[in-house]
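Chemist: predicted model and sequence follow; I will ask about them next.
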Number of protein chains: 2
Amino acid sequence: MQRDTRQRRAIRDVFMSVARPLTPDEVLEHGRRIVPSLGIATVYRNVKALVAEGWLSEVKLPGGGLRYELAGGPHHHHFLCRTCDQAFDVDLCPDEIEEMAPAHFQVESHELVLFGRCEECV
Amino acid sequence: MQRDTRQRRAIRDVFMSVARPLTPDEVLEHGRRIVPSLGIATVYRNVKALVAEGWLSEVKLPGGGLRYELAGGPHHHHFLCRTCDQAFDVDLCPDEIEEMAPAHFQVESHELVLFGRCEECV
DNA sequence: ACGCGATTGAGAATCCATTATCATCTGGCC
DNA sequence: GGCCAGATGATAATGGATTCTCAATCGCGT
């Protein structure tokens, strides 16, 4: 059966305290403040498992690789800082957004990304 | 100096006739209908050169690698078909979109992507 | 405390997109 | 037609993200 390890607990704590989409490297960096020996393979394994059990969801932003965030939250979008490459949540969403598709196209979901400089990098 | 080769002409023709963002592989596939010997390295080289001279622009969509489209067109967004993975243009754009950022964040640009099934794949 | 099977972590291996290499080919000028 | 530097194309090499391997470690039920 699945065991409750320090590493897995640390990874969950990271997502709960940081509250924004994180790359595996960011998870590693934050997680090592809790469990210094944490390895990247463990991050990938646990993130994958947490996605499978529905606790995390994948966030695909233009450009780089996948990020992950707590699943189950309300609909929202993201802001990607061009300077520090951190992603942040954006709570608003224009409601007419899915009516913009070409005729005869079926829209299933959408993603809106703002690019710029975050508060720290302005 | 730069020479006007069959391959480069074919690649330009592909973008002008297809009129949607293309991956290098899609450019190769379409280009081979014009110049069957076309190689992927030539596609990458020419696409890169066409971006450098401002004739093409890069399109970064969530997930996979880069796509390219004719530069200089009006502001627009994209639709990505989950079934055939082809990208299409979406001409509309909600105008309040860049006002959604968190306070103290500077927005420089934005990207909106609709996901679903294109006309062919419905 | 014991034992075992799940988990970890370091490094190797893999995957995929892109770029470099280099012998061959070819546009454009004479 | 002939030259030759730029261009091509097959293949190898690269780089970055992710996964695999496997010996060592460690939850957890007994």
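Modeler: Structure received.
Chemist: endpoints of stretch A:92-101, how far apart?
Modeler: Taking Cα to Cα, to the nearest Å as the measure, stretch A:92-101 stretches 20 Å from start to finish.
Chemist: so what touches that stretch?
Modeler: Under the criterion Cβ atoms under 8 Å, 6 or more residues apart in numbering or on different chains, residues A:75-77, A:107, A:110, A:112, B:77, B:79, B:90, B:92-94, B:96-97, B:100, B:112, B:114, B:116 lie in contact with stretch A:92-101. For glycine as for every other residue, the C-beta is placed from the backbone atoms N, C-alpha and C.
Chemist: run the last query once more with 6 Å
Modeler: Surrounding stretch A:92-101, the residues in contact under the criterion Cβ atoms under 6 Å, 6 or more residues apart in numbering or on different chains are A:107, A:110, B:79, B:90, B:92, B:94, B:100, B:114.
Chemist: and the contacts of the longest strand along chain A?
Modeler: Identified as the longest strand of chain A according to DSSP state E is strand A:106-117. For strand A:106-117, contacts defined as Cβ under 6 Å, 6+ apart pick out A:61, A:77-83, A:97-98, A:101, B:62, B:101, B:106-117, B:122.
Chemist: quickly find the element holding residue A:69.
Modeler: Using DSSP states H and E, residue A:69 sits in strand A:66-70.
Chemist: now do that strand, average pLDDT.
Modeler: Mean pLDDT, strand A:66-70: 97.
Chemist: grab the nearest non-local neighbour of whichever residue of chain A sits closest to DNA strand C.
Modeler: Relative to DNA strand C, the nearest point of chain A is residue A:39 (2.7 Å; Cβ to the nearest atom of the strand). Spatial nearest neighbour of residue A:39, chain neighbours left out: residue A:28 (7.9 Å); criterion: Cβ to Cβ, 6 or more residues apart in numbering or on different chains.
Chemist: which residues of chain A lie near chain B?
Modeler: Within chain A, the positions adjacent to chain B are A:60-63, A:79, A:90, A:92, A:94, A:100-101, A:104-119, A:122 by Cβ under 6 Å from any Cβ of the partner chain.
Chemist: any of those residues buried? List them.
Modeler: Buried members of those, counted by 16 or more other Cβ atoms under 10 Å in any protein chain shown: A:60-62, A:79, A:90, A:94, A:100-101, A:105-107, A:110-118.
Chemist: show me chain A divided up by domain.
Modeler: The record's domain split for chain A, according to automatic domain parsing, is A:6-70, A:77-116.
Chemist: looking at the ones you listed, which is closest to residue B:49?
Modeler: Of all the domains of chain A, domain A:6-70 sits nearest to residue B:49, with 21.9 Å by Cβ to Cβ.
Chemist: ok, is the closest one in contact with DNA strand D or not?
Modeler: Yes. Domain A:6-70 reaches DNA strand D (Cβ under 7 Å from any atom of the strand) through A:6, A:23, A:24, A:40, A:41, A:44, A:48, A:64, A:65, A:66.
Chemist: so which of those residues are in helices?
Modeler: Judged by DSSP state H, these include A:6, A:24, A:40, A:41, A:44, A:48 as members of helices.
Chemist: contacts for the helix or strand hosting residue A:12?
Modeler: Secondary structure assignment for residue A:12, by DSSP H and E: helix A:6-18. Contact with helix A:6-18 is made by A:27, A:30, A:31, A:34, A:35, A:38, A:42, A:46, A:70, as judged by Cβ under 6 Å, 6+ apart.
Chemist: can you put the residues you listed in CSV and add distance to residue B:16?
Modeler: Output for the contacts of helix A:6-18, formatted as CSV (distance: Cβ to Cβ, whole Å):
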residue, distance to residue B:16
A:27, 44
A:30, 48
A:31, 50
A:34, 55
A:35, 55
A:38, 51
A:42, 50
A:46, 48
A:70, 45
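Chemist: buried ones among those?
Modeler: A:27, A:30, A:31, A:35, A:38, A:42, A:46, A:70.
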